[in-house]
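>>> got a predicted structure here, sequence first:
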Amino acid sequence: MILSASRRTDIPAFYSKWLVNRLRAGYVLTRNPVNHSQISKIVLSPDIIDCIVFWTKDPANMLPHLSAIEDMQYRYYFQFTLTPYDNKIERNMRCKKEIIQTFIELGKRIGRDRLLWRYDPIILNDTISISSHKKWFKEMCAVLHPYTNSVTISFVDLYAKVKTPLVKSIGKAEEHQLAGIFSAIAREYGLTIKACCEQTDFSPYGIVGASCIDRETIENICGCKIVAPQDKNQRKACGCIESVDIGAYNTCKNGCVYCYANFSEKTVISNWEKHDPDGEFLLGKLSCTDKVTERKIKSIKSA
């Protein structure tokens, strides 16, 4: 099984102590996002968990725990989203120069093959232009390319709750122009460039479709073939294989204005107060109406 930690929240940034506690305990409880009374118990044995995929914008709090995770014989890699946006867009983030140094430290620690850079979502507004992205992307590639092999891009999705002048619709012509720019720069620095969940065909620019829960990456980390279907619960253009996510919505404190996983900052603050680093759940506790079912999972390594 592949453990996703997590599409729903930034576990490395805010819940790394909890995660390590759950790995040591050997199981975690998660709520069904639709039916909250349905609880899954997920066994976290390293014999079953073939690889952990960490999703993060700032894993500084995770770095001290990596040795413990490795000592427990877990394999892992990082999807590290690093953009040039300031605190108007990503409101609660540390200074980007500091986060870049964390990226470098992590790259030196785990190697280029296990550190996947994400430059997403790409947004345009009255102050962020195509030329802004060209400048920023080139500067970041110049600094980051020794520590990663690839960069994944995607264009912002304007969900109903993303209603702000800070995030505007991007036309197809702009997408193609940016794709051409990014591709040329990535190639200059020896980076493979991929696009995540984009319906538009960017292959003329040498941009292939991304798989964030990526079969090839996981097989290289595990040192063997794996048997896993595509993830049917993701968007149509998603190339990911199946995984089990242990995160929870409305728990990420990064404060990004384009976020799809939070309803409101007030809800996030309220939920943060319910978090217990020693708890079975990321958020909250069992109630008398909850029904706990152990999820049937197994290793997907090929025999």
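Received the coordinates, thanks.

>>> where does the prediction get shaky in the stretch 201-303 of the chain?
303 (pLDDT under 70).

>>> could you rerun that using 90?
Applying pLDDT under 90 to the stretch 201-303 of the chain picks out residues 230-239, 260, 263-265, 302-303.

>>> all strands for the stretch 1-150 of the chain, in order.
Secondary structure of the stretch 1-150 of the chain (DSSP state E, counting those that start in this stretch): strands located at 2-5, 27-31, 38-43, 51-56, 76-81, 115-122, 150-155.

>>> and Met93, its phi and psi?
Phi and psi for Met93, reported as degrees, to the nearest 10, are phi -80, psi 150.

>>> can you tell me the closest non-neighbouring residue to it?
Excluding the flanking residues, the one nearest Met93 by C-beta to C-beta, 6 or more residues apart in numbering is Asn254, at 5.9 Å. For every residue, glycine as well, the C-beta is placed using N, CA and C.

>>> out of the strands of the stretch 1-150 of the chain, which gets nearest to Gly223?
Gly223 sits nearest to strand 51-56 of all the strands of the stretch 1-150 of the chain, at 11.1 Å, using C-beta to C-beta.

>>> export the closest one as PDB, just CAs?
Presented in PDB, the C-alpha positions along strand 51-56 are these (Å, rounded to 0.1, in the frame of the first residue of the first chain):
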ATOM      1  CA  CYS A  51       6.100   3.800   0.500                       C
ATOM      2  CA  ILE A  52       5.000   7.000   2.100                       C
ATOM      3  CA  VAL A  53       4.400  10.100  -0.100                       C
ATOM      4  CA  PHE A  54       4.800  13.300   1.800                       C
ATOM      5  CA  TRP A  55       3.100  16.500   0.400                       C
ATOM      6  CA  THR A  56       4.400  19.700   1.800                       C
END
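
>>> what are the buried residues along it?
Applying a neighbour-count criterion of 16 or more other C-beta atoms under 10 Å, one finds Cys51, Ile52, Val53, Phe54, Trp55, Thr56 buried in strand 51-56.

>>> still on that earlier bit, can I get the strands of the stretch 1-150 of the chain in JSON lines with mean pLDDT?
Formatted as JSON lines, the strands of the stretch 1-150 of the chain follow (pLDDT from 0 to 100):
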{"stretch": "strand 2-5", "mean pLDDT": "98"}
{"stretch": "strand 27-31", "mean pLDDT": "96"}
{"stretch": "strand 38-43", "mean pLDDT": "96"}
{"stretch": "strand 51-56", "mean pLDDT": "98"}
{"stretch": "strand 76-81", "mean pLDDT": "98"}
{"stretch": "strand 115-122", "mean pLDDT": "97"}
{"stretch": "strand 150-155", "mean pLDDT": "96"}
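
>>> tabulate the ones you listed in a markdown table, adding columns for distance to Asp231.
Output for those, formatted as a markdown table (distance: least, C-beta to C-beta, whole Å):
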| stretch | distance to Asp231 |
| --- | --- |
| strand 2-5 | 9 |
| strand 27-31 | 16 |
| strand 38-43 | 16 |
| strand 51-56 | 12 |
| strand 76-81 | 14 |
| strand 115-122 | 17 |
| strand 150-155 | 16 |
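
>>> my guess is Lys76 meets Thr56, correct?
No, residue 76 isn't Lys; it's Tyr. No - with contacts counted by C-beta atoms under 8 Å, Tyr76 stays clear of Thr56, the gap being 11.6 Å.

>>> quick one: Phe275 from Ala5, how far?
Actually, residue 275 is His. It isn't Phe. In this view, His275 and Ala5 are 15 Å apart by C-beta to C-beta, to the nearest Å.

>>> quick check: which of the strands of the stretch 1-150 of the chain is nearest to Phe137?
Of these, nearest to Phe137 by C-beta to C-beta is strand 115-122, at 6.5 Å.

>>> packing partners for the closest one?
Contact partners of strand 115-122 among helices and strands, from 3 or more C-beta pairs under 8 Å, 6 or more residues apart in numbering; DSSP states H and E: strand 76-81, helix 96-110, helix 130-144, strand 150-155.

>>> can you tell which of those is closest to Ser299?
Of the helices and strands packed on strand 115-122, the one closest to Ser299 (C-beta to C-beta) turns out to be strand 76-81, at 15.3 Å.

>>> quick one: strands adjacent to that closest one?
strand 51-56 (parallel), strand 115-122 (parallel) (DSSP bridges).

>>> tell me where this protein has helices.
Secondary structure of the chain by DSSP state H: the helices cover 11-14, 16-25, 66-71, 96-110, 130-144, 172-188, 215-222, 265-272.
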